[in-house]
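Asks: Sequence first, predicted coordinates after that:
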Amino acid sequence: MKNDRICPVCGHDGSRDIAARPSLARLKKGAAILNQPKLAVRPQAELEKLEAELASLKKEKRRLQDKARKDKKEIEEAGRQLEALREENRRAQNRVAELERRLSEANQAPKAPQAPKGGASTGWVWAAVPDESLWFLLGDTLKRKEGVCFPETVAIPAQIGVRPVTMLGDFALNDQEKIRRVIVPEGIRELGKYSLCSNPRLEEISLPKSLRTIGEYACWNNPSLRAVNLPEGLVKVGDNAFSSCTNLREVKFSSTLKAIGRSGFWGCKALEKIELPDSLESLGKYCFQCCDSLQLAVFPRSWMNRKQEIREASIYCTVQFR
């Protein structure tokens, strides 16, 4: 019979394939083996939407990564600029300290004799040139004594006693209302910073062949200066050396000149033509900026491949190469 092989006690069905699946021998035929839920199948449109969202998220991730790299570069650049500003501030502080030291030394130097009583400017000396008593030496640098005002023509002494002068000191002849002409003697090799600046009536500066360097702002802001003859032997014109000389019309450059500093002739609005020597090696940025009347600049042929430097010097007029 059909149920002869089924145990009445445990329900074991001997007709089942016990060798293959012995654990199923006790289950009734037709019983569910596993109660597995049906798998959900998403529509194709929804899958495409999810893929598009994933691609958008990846794109946003790349954008944020690029932005982070860019921000990092900007932060590094800002750090470098900050360090440069700090260095510039340190240099400015050192310069101020140096000027204060020199001013203190000048105040401690012997004062020039005062004008006679009843003079128009009691307490000041109107220099009779040349007059070594109005100057003193600090090393080999010439300094003016406290309370000295100079007349229209000033001949700078070549020596004090037996000691030669090789440098006209910083601020030596600045802010003098009467000066019209300055004669710098042979033997002086350098004009210090601000040494001949801000003289509203200064028209002529006679420079010696011994001169090698014109310092920063040395002849700055002399609005009455009309011509400058840079002597043979001069090597360097410093930053802003002749800037803001608004009526400077003519500059004769020496054949030995090698460098003109940053903004060297800035704001020389009357300057019409420049002819630079073959010896020129460097030209500072903005060197001829705001030279509104400049029409022609003549460069040596060696500068033909340095047009970027010429543009950086703010030369926008006709340029010729000889």
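Replies: Thanks, I have it.

Asks: CA atoms for contacts and neighbours, from now on please.
Replies: Noted.

Asks: check contacts around the closest residue to Phe253 other than its chain neighbours.
Replies: Of all residues beyond its chain neighbours, the one nearest Phe253 is Leu230 (5.3 Å), with distances taken as Cα to Cα, 6 or more residues apart in numbering. With contact set as Cα atoms under 8 Å, 6 or more residues apart in numbering, Leu230 has these partners: 207, 251-254.

Asks: go again using 7 Å as the cut-off
Replies: When contacts are counted by Cα atoms under 7 Å, 6 or more residues apart in numbering, Leu230 is found next to 252-254.

Asks: Throw together a PyMOL command that grabs the buried residues out of the residues you listed.
Replies: In PyMOL, this line selects whichever of those come out buried by 16 or more other Cα atoms under 10 Å:
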select buried, resi 253+254
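
Asks: Check the offset of the helix or strand Ala68 falls within from the chain's centre.
Replies: Here Ala68, judged by DSSP states H and E, is contained in helix 44-108. Here helix 44-108 shows a centroid-to-chain-centroid distance of 17 Å under the convention Cα atoms, centre = their mean, to the nearest Å.

Asks: per-residue confidence averaged over that helix?
Replies: The pLDDT scores in helix 44-108 average 83.

Asks: Does anything pack onto it? Which helices or strands?
Replies: In this structure, helix 44-108 packs against no helix or strand, with contacts taken as 3 or more Cα pairs under 7 Å, 6 or more residues apart in numbering; DSSP states H and E.

Asks: Please repeat the previous calculation with a cut-off of 10 Å.
Replies: Other elements packing on helix 44-108 under the criterion 3 or more Cα pairs under 10 Å, 6 or more residues apart in numbering; DSSP states H and E are strand 135-138, strand 141-144.

Asks: Can you give the strand pairings for the first one, parallel or anti for each?
Replies: In other words, strand 135-138. Strand 135-138 has its sheet partners listed here by DSSP bridges as strand 141-144 (antiparallel).

Asks: Surely Leu248 and Trp220 touch.
Replies: No: using Cα atoms under 10 Å, Leu248 makes no contact with Trp220, being 11.3 Å away.

Asks: Quickly list what's touching both of those two.
Replies: The overlap between the contact sets of Leu248 and Trp220 (Cα atoms under 10 Å, 6 or more residues apart in numbering) consists of 242, 265.

Asks: Look up how far Ile315 lies from Gln295.
Replies: Gln295 sits 9 Å away from Ile315, going by Cα to Cα, to the nearest Å.

Asks: Same drill for these two, tell me which one is more crowded.
Replies: Ile315 (22 against 15; other Cα atoms under 10 Å).

Asks: May I ask which helix or strand encompasses the closest residue in space to the more buried one that isn't next to it in sequence?
Replies: Spatial nearest neighbour of Ile315, chain neighbours left out: Phe288 (6.1 Å); criterion: Cα to Cα, 6+ apart. Taking DSSP H and E as the definition, one finds Phe288 inside no helix or strand.

Asks: Does Phe288 touch Ser243 like I think?
Replies: Yes: under the criterion of Cα under 10 Å, Phe288 makes contact with Ser243 at 8.8 Å.

Asks: Residue ranges of each domain in this structure, please.
Replies: Taking automatic domain parsing as the criterion, the chain consists of the domains 71-108, 124-322.

Asks: so what's Phe253 up against?
Replies: With contacts defined as Cα under 10 Å, 6+ apart, Phe253 is in contact with 228-232, 234, 274-277, 280.
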